[in-house]
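>>> I would like to see how this sequence folds:
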Amino acid sequence: MKAFLAKIFAKYIVKKEQKWIDHPLETQDKILNELIVAAKNTKFGRDHHFDEIKTYDDFKQYVSVQDYEGLKHYFDQVIEGQSDILWPGKPLYLAKTSGTTSGAKYIPLTKESVPSHIHSARNALLYYIHETQNSNFVNGKMIFLQGSPILEDKNGLKIGRLSGISAHFVPNYLQKNRLPSYETNMIEDWERKVDNVVEETVKADMTLISGIPPWLIMYFERLIKISGKENVQSIFKNLQLMVTGGVNYEPYRDKINQLVGKKIDCIQTYPASEGFIAYQNTQKSDDLLLLLNNGIFYEFIPVDEFFDENPTRISLKDVEIGKDYVLILNTNAGLWGYNIGDTVRFTSIRPYKIVVSGRIKHYTSAFGEHVIGHEVEQALQKTLEKYPARVNEFTVAPQVNPTEGLPYHEWLIEFDHQPHDMEVFNRELDAQMRQQNTYYDDLITGNILRPLIVSEVKKEGFQKYMKSIGKLGGQNKVPRLSNNRDIADEFYQLNLIQKS
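Next comes the predicted model:
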């Protein structure tokens, strides 16, 4: 009965969502107007002349682009428990995330924004059900691995990780199917948590598993080891679907399929504490539907202009397919001109669909090449298509001052299955990088850089590195790119690189 009702509900939701999909620009204009009207009497609204804003051009005039640091004095007032600072009233929750320069960041979640997080996660599954007509998985056990659901209380506000907060909103009809237990989700130590998850699930009829790809790999490997089985399919015979988010799934797909023992359907999502931004609404392509009716007004700055004094700042109507943009959010949680730090690339404008192409802070440009995450992922994927191997994880850093020869890009790669000929693999990877980034190609041609060098990381090296910095598990992931040697040097200091 549950599976049958899920199909009916999926059909209703898909039809309902199509209304804003068919009117994207009007929907975004309406969202911006609603946000301005709602927040005009807040401290931020008064400080930035919201009562004078009639158009998007007005908005850009009064509201500048900021990151967390730029808005921190407003966030601090919210955290102190003051009302009507960034959004009317007080937030329901503060989502705690890892900060860089400021330590922990606290992102408001309001009564207006919380439903969009919950409904978007649900709708991603409903789109899958509607397209495939497969709803049987709702009858089996499902893993929604989350941060601890225990919430702190500070100045009358509840504080926790987004995934832990979300745990309090899992609908009743999924509660009895959900694993792991509440007690296991409370465990902070990630390795102990994974061991408990394995213990609780190894004999369960798992049909859906949700998590970021590095966690899925870690969980599957331990599951196989503990069970003594050949692969995950032989443990969970009815496993049908995975839901992932946080990083691009493609670099991990072959490894996960190998561990599972078959090709398995996957729904990719793009959730963040700042808002649920996009999800994959069809199994026919891997790009993500940008959610335009979620209480978020989106802005975009071309990546190649971002560090200019006056970069171009545009709304949805002016974006171009194939171009990388820094994503800027204005939300019904009270974020204004907020640089989330991600870069996106449009793959379609009918409907508006994106891929996450990287992090604006995660790039390699020691010589002006400005290589971004999407480029290194594409280069590696295309290389693996020609010279099969399996990669667990990788990161890229510049080597500006080698002991001999020209500088180069160093790729730290942990292989699960090595390529047959590493020299040929390296040459192809470099050739693919030159196709992805013309500046890099010019530097190689001009003998400013020599071709890239792959350094092999020892088995479980990335897990050991993340553990060493206290960020193993959860939503934590190693940056694809660095503009310095900090991460690469740490790998060498921890003796995680294979000696050639």
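>>> quick one, domains of the protein?
For the chain, the TED database gives the domain ranges 1-361, 369-494.
>>> mean confidence score for the longest one?
For domain 1-361, mean pLDDT rounds to 90.
>>> what distance separates the start and the end of it?
Domain 1-361 has an end-to-end distance of 48 Å (criterion: Cα to Cα, to the nearest Å).
>>> So that it lines up with my notes, have the first residue be 4 from now on.
Okay, residue one is now 4; in that scheme the one you just asked about reads as domain 4-364.
>>> Report the contact partners of the nearest residue to K265 once chain neighbours are set aside.
Spatial nearest neighbour of K265, excluding adjacent residues (Cβ to Cβ, 6 or more residues apart in numbering): Q236 at 5.5 Å. To be clear about C-beta, it is placed using only N, CA and C from the backbone, and glycine gets the same treatment. When contacts are counted by Cβ atoms under 8 Å, 6 or more residues apart in numbering, Q236 touches L242, V263, G264, K265.
>>> Look at Q236 and tell me its secondary structure.
Of the three states, Q236 takes coil according to DSSP: H, G, I helix; E, B strand; the rest coil.
>>> How much space separates it from R353?
38 Å (Cβ to Cβ, to the nearest Å).
>>> One more: E378?
The spacing between E378 and R353, counted by Cβ to Cβ, is 26 Å.
>>> Repeat that for S138.
S138 sits 29 Å away from R353, going by Cβ to Cβ.
>>> Compare those two (neighbour count), which wins?
A count of neighbours by other Cβ atoms under 10 Å puts S138 above the other of S138 and R353, at 22 against 8.
>>> my guess is the more buried one contacts A6, does it?
Yes. Between S138 and A6 there is a contact at 4.1 Å, judged by Cβ atoms under 8 Å.
>>> Name the next helix or strand downstream of the one helix or strand G361 maps to, please.
Using DSSP states H and E, G361 sits in strand 355-362. Counting by DSSP H and E, the next helix or strand C-terminal to strand 355-362 is helix 376-389.
>>> And that following helix, what's buried?
Across helix 376-389, burial judged by 16 or more other Cβ atoms under 10 Å covers G376, H377, E378, V379, E380, Q381, A382, L383, Q384, K385, T386, L387.
>>> coming back round to it: who are the packing partners of the strand holding G361?
Packing contacts for strand 355-362, counted by 3 or more Cβ pairs under 8 Å, 6 or more residues apart in numbering; DSSP states H and E, involve strand 291-293, strand 341-352, helix 376-389.
>>> Rebuild those as a markdown table, extending it with distance to E20.
Shown next, in a markdown table, are these (distance: least, Cβ to Cβ, whole Å):
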| stretch | distance to E20 |
| --- | --- |
| strand 291-293 | 9 |
| strand 341-352 | 16 |
| helix 376-389 | 27 |
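>>> List just the one of these that sits closest to G73.
Of all these, strand 341-352 sits nearest to G73, with 8.3 Å by Cβ to Cβ.
>>> okay, the closest one in CSV with CA atoms only?
The C-alpha trace of strand 341-352 is given here as CSV (Å, rounded to 0.1, in the frame of the first residue of the first chain):
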residue,chain,number,x,y,z
TYR,A,341,25.8,35.6,0.3
ASN,A,342,28.7,33.9,-1.4
ILE,A,343,28.3,30.3,-0.5
GLY,A,344,31.7,29.5,-2.0
ASP,A,345,30.6,27.1,-4.7
THR,A,346,30.9,27.5,-8.4
VAL,A,347,28.3,26.1,-10.8
ARG,A,348,28.1,25.5,-14.5
PHE,A,349,24.8,25.6,-16.5
THR,A,350,24.1,22.6,-18.7
SER,A,351,20.6,23.7,-19.7
ILE,A,352,18.3,26.7,-19.5
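>>> all strands of the stretch 404-503 of the chain, in order?
411-420, 456-459 (DSSP state E, counting those that start in this stretch).
>>> quick one: strands adjacent to the shortest one?
In this case it means strand 456-459. strand 411-420 (parallel) (DSSP bridges).
>>> And for the partner strand, what's in contact with it?
Counting by Cβ under 8 Å, 6+ apart, 258, 261, 367, 374, 379, 392-402, 405, 432, 436, 443, 452-465, 490-491, 494, 500 sit against strand 411-420.
>>> How many residues are close by K179?
For K179, using other Cβ under 10 Å, the count is 7.
>>> Now do the same contact list for it.
With contact set as Cβ under 8 Å, 6+ apart, K179 has no partners.
>>> What subset of the contacts of Q236 is buried?
L242, V263, G264.
>>> Could I get the full set of helices for the stretch 204-353 of the chain?
Per DSSP state H, counting those that start in this stretch, the stretch 204-353 of the chain carries helices over the ranges 216-230, 253-263.
>>> Which one of these lies nearest to I121?
Once these are compared by Cβ to Cβ, helix 216-230 is nearest, at 21.4 Å.
>>> And the closest one, what does it pack against?
Helix 216-230 packs on helix 193-204, strand 244-248, helix 253-263, going by 3+ Cβ pairs under 8 Å, 6+ apart.
>>> cutoff 7 Å now
helix 193-204, helix 253-263 (3 or more Cβ pairs under 7 Å, 6 or more residues apart in numbering; DSSP states H and E).
>>> follow-up on the earlier one: which of the strands of the stretch 404-503 of the chain sits most buried?
strand 411-420 (a mean of 21; mean count of other Cβ atoms under 10 Å).
>>> what's the distance between K385 and V379?
K385 is 11 Å from V379, by Cβ to Cβ.
>>> try H76
Taken as Cβ to Cβ, the span from H76 to V379 is 36 Å.
>>> So V374 is in contact with Y443, correct?
Yes. Using Cβ atoms under 7 Å, V374 makes contact with Y443 at a distance of 6.1 Å.
>>> returning to what we had before: relative to H171, which of the helices and strands packed on strand 355-362 is closest?
Judged by Cβ to Cβ, the one of these that comes nearest to H171 is strand 341-352, at 24.0 Å.
>>> List the contacts of that closest one.
Residues from elsewhere that reach strand 341-352, judged by Cβ atoms under 7 Å, 6 or more residues apart in numbering: 68-70, 74, 275, 277, 290, 306, 322-332, 355-364, 375, 377.
>>> how far does it sit from the chain's center?
Relative to its parent chain, strand 341-352 has a centroid offset of 11 Å by Cα atoms, centre = their mean, to the nearest Å.
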